[in-house]
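[1] Please work out how this folds:
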Amino acid sequence: MAIRVSGMSSGLDVESIVKEMMNARRQPLTKLNQDKTILEWQRDNYREINSKLVDFRNNKLLAKYDNSASMITQKAVVTGNTSALKAESTSDANGIPMTMEIIKLAKPATVETAGMNLAGSSTRLTAGSKLSDFQKANNITAPADGKYKITLNGDTLELDANLTINEALAKINKSEKGNVTAKFDEVTGKLTIASKTYSDKGKVEMGTSDNFLSLFGSGTVSKPAYQAAEVKINGSDKMTFASNTFKINGINVTLLAENTTATINTETDTSKAVETVKSFIQDYNDLLNTLTTKVNEERYKDFTPLTDEQKQAMKENDIELWEKKAKSGLLRNDDVLKSTISSMRAAVMEQLGALSNVGVTTGLYYENGKLILDEDKLKQAFENNPQGTAAIFQGTASQGGLFDKISSEINGTLDKLVLKAGTSKYSTDLTVAYKTESTMGKRLKDFNTRIANLTDRLTDIENNYYKKFTAMETAMSQYNSQSASLGSLFTS
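    Okay, here's the model as predicted:
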């Protein structure tokens with residue numbers, strides 16, 4: 001680097017002169033940095049669009065709308081002892097009424113302690129009490145190592161005496177090999193450990209040297225075996241079910257009480273199906289509006305990205321307003337977005353005849369493909385032909401519906417965005433790293449190379465200017481020194 005000297009001999013402001021000379025030289029570098037910033041902003045815009053498309057496809061089309069439960073038009077109604085069971089209709093409910101006589105509830109294999117008389121304790125024991133508190137209340141000897149042991153289906157757990165009952169049971173319930181659910185009753189003082197498996201394969205096998213159960217009383221430990229649910233339906237012979245939850249005649253049934261009777265009827269209820277289509281149309285229109293807004297957004301070319309020097313001379317609010325203008329319209333008339341809008345609208349137009357028959361049409365030409373819903377007409381369609389109406393949107397086993405077609409078009413757009421901007425086809429995360437081998441990634445890499453090369457070249461030019469001024473200052477200093485020497489000869 002050249003040695004920089006001030007204009008002591010010439011009287012010139014060398015720093016200012018060099019800075020002024022370099023300002024013009026730096027314009028191409030400033031332009032490169034601004035172009036790079038614009039490209040980064042465009043890529044960020046693509047990522048925001050990508051996130052909305054992934055969200056619409058994953059969380060709305062596939063998870064929320066394109067499943068059989070979202071188009072159910074039958075509702076299960078329980079009469080009689082309404083606390084005996086819960087019933088929920090599915091898409092294949094056949095409408096046959098069912099009177100259920102619940103003889104027995106299914107019960108898993110269980111281990112249950114005799115319990116403790118907690119009411120008589122001087123210090124009330126609860127699920128929040130420590131194991132050591134239970135040890136003292138039962139007047140049993142504490143383990144030498146301060147740990148209580150319990151073996152469940154071959155998995156041995158060691159539980160510290162300072163754990164609370166809740167903490168100890170949480171450890172037991174987390175054991176995958178143990179495969180049990182442990183509960184403590186604060187009223188009876190009983191500990192119940194039940195298998196999570198409702199079948200004769202479900203078991204609760206204890207260890208022979210366990211001391212954990214001794215904390216819950218000295219009475220007999222009962223071990224009732226697994227019991228299947230027993231039900232009579234419409235006076236039929238007794239039927240058995242492995243658990244208290246099962247499906248029959250298209251109704252998901254959950255048994256809640258035994259030795260009682262309840263009746264299940266189904267009735268037409270299109271509200272859920274109508275709400276599904278209504279929500280889809282709202283989400284579709286919102287996405288379409290986002291894309292259309294980006295494509296038509298005004299571009300202000302005079303508002304270029306600000307340099308650091310420009311920002312230093314501006315107020316924070318002015319910077320925000322400027323950058324809002326500078327970032328506007330970066331995807332105006334973008335080919336990828338325009339293609340997405342066209343393909344989404346084409347998917348709708350392909351089925352417009354069927355859609356209009358059930359109350360779904362498109363708006364006027366200036367509404368850019370917005371979907372309009374006639375709710376009453378849709379409700380009537382679901383009442384008259386529930387499966388056929390649902391198939392328009394969800395398709396059938398052999399043919400895709402509207403949701404499938406739109407999802408396919410979105411997948412195509414996401415593929416384009418991956419190649420162009422390096423976004424993720426599967427994530428809505430706005431902080432996920434870009435793929436550097438995308439088209440824009442390669443362009444940004446090229447910008448970085450050009451900026452680095454130009455910066456080095458400008459540094460060389462600036463150093464050369466200082467060298468020339470240094471040489472001039474040195475020559476003038478020598479000239480002044482010689483003049484002073486000559487002057488002294490004539491005056492001496």
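
[2] can we go C-alpha only for contacts and neighbour counts from here?
    Noted.

[3] which helices and strands sit right next to the helix or strand of the chain with the lowest mean pLDDT?
    One helix or strand of the chain scores below all others by mean pLDDT, DSSP states H and E: helix 439-491, with a mean of 80. When contacts are defined as 3 or more CA pairs under 8 Å, 6 or more residues apart in numbering; DSSP states H and E, helix 439-491 packs onto helix 14-55, helix 402-421.

[4] Turn those into a markdown table, including mean neighbour count, distance to residue 186 and mean pLDDT.
    Formatted as a markdown table, the helices and strands packed on helix 439-491 follow (neighbours: other CA atoms under 10 Å; distance: least, CA to CA, whole Å; pLDDT from 0 to 100):
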| stretch | mean neighbour count | distance to residue 186 | mean pLDDT |
| --- | --- | --- | --- |
| helix 14-55 | 17 | 46 | 90 |
| helix 402-421 | 20 | 52 | 96 |
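
[5] closest one to residue 458 among the ones you listed?
    helix 14-55 (7.3 Å; CA to CA).

[6] Now do that closest one: distance to the chain's middle.
    A distance of 32 Å separates the centroid of the chain from that of helix 14-55, by CA atoms, centre = their mean, to the nearest Å.

[7] measure the residue nearest the centre of the chain to residue 55 for me?
    In the chain, the centroid-proximal residue (CA atoms, centre = their mean) is residue 428; its distance is 7.0 Å. Distance, residue 428 to residue 55, by CA to CA, to the nearest Å: 6 Å.

[8] I'd say residue 85 and residue 252 touch.
    No - Residue 85 is beyond contact range of residue 252, at 10.4 Å (criterion: CA atoms under 8 Å).

[9] So between those two, which is more surrounded?
    residue 85 (23 against 16; other CA atoms under 10 Å).

[10] How about the more buried one: what's its closest non-neighbour residue?
    Spatial nearest neighbour of residue 85, chain neighbours left out: residue 255 (4.4 Å); criterion: CA to CA, 6 or more residues apart in numbering.

[11] Quick one: residues contacting that neighbour.
    84-86, 102, 105, 244-245 (CA atoms under 8 Å, 6 or more residues apart in numbering).

[12] pretty sure the residue nearest to the centre of the chain contacts residue 52?
    Yes - if you go by CA under 8 Å, residue 428 and residue 52 touch, sitting 7.1 Å apart.

[13] Now do residue 177 against residue 225, distance only.
    19 Å.

[14] repeat for residue 435
    For residue 435 relative to residue 225 (CA to CA), the value is 58 Å.

[15] what do you get for residue 388?
    With CA to CA as the criterion, residue 388 and residue 225 are 48 Å apart.

[16] Now do the least confident helix or strand of the chain and helix 14-55, the angle between them.
    For helix 439-491 against helix 14-55, the angle by axes from the mean of the first three to the mean of the last three CA atoms, to 10 degrees is 170 degrees.

[17] how much distance is there from helix 439-491 to the middle of the chain?
    56 Å.

[18] tell me the contacts of residue 34?
    With CA under 8 Å, 6+ apart, residue 34 has these contacts: 304-306.

[19] what do you get if the cut-off is 7 Å, keeping everything else the same?
    By CA atoms under 7 Å, 6 or more residues apart in numbering, the residues touching residue 34 are 304-305.

[20] Then residue 369?
    If you count contacts by CA under 7 Å, 6+ apart, then residue 369 has 345, 362-363 around it.

[21] What of residue 305?
    For residue 305, counting by CA under 7 Å, 6+ apart, the contacting residues are 34, 37, 323, 326.

[22] what would these look like in CSV with distance to residue 144?
    Formatted as CSV, these follow (distance: CA to CA, whole Å):
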residue, distance to residue 144
34, 73
37, 69
323, 71
326, 74
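
[23] how about the helices in the stretch 51-200 of the chain?
    131-137, 165-174 (DSSP state H, counting those that start in this stretch).

[24] Of all the ones you listed, which one is nearest residue 114?
    Nearest to residue 114 among those is helix 131-137; the distance by CA to CA comes to 14.6 Å.
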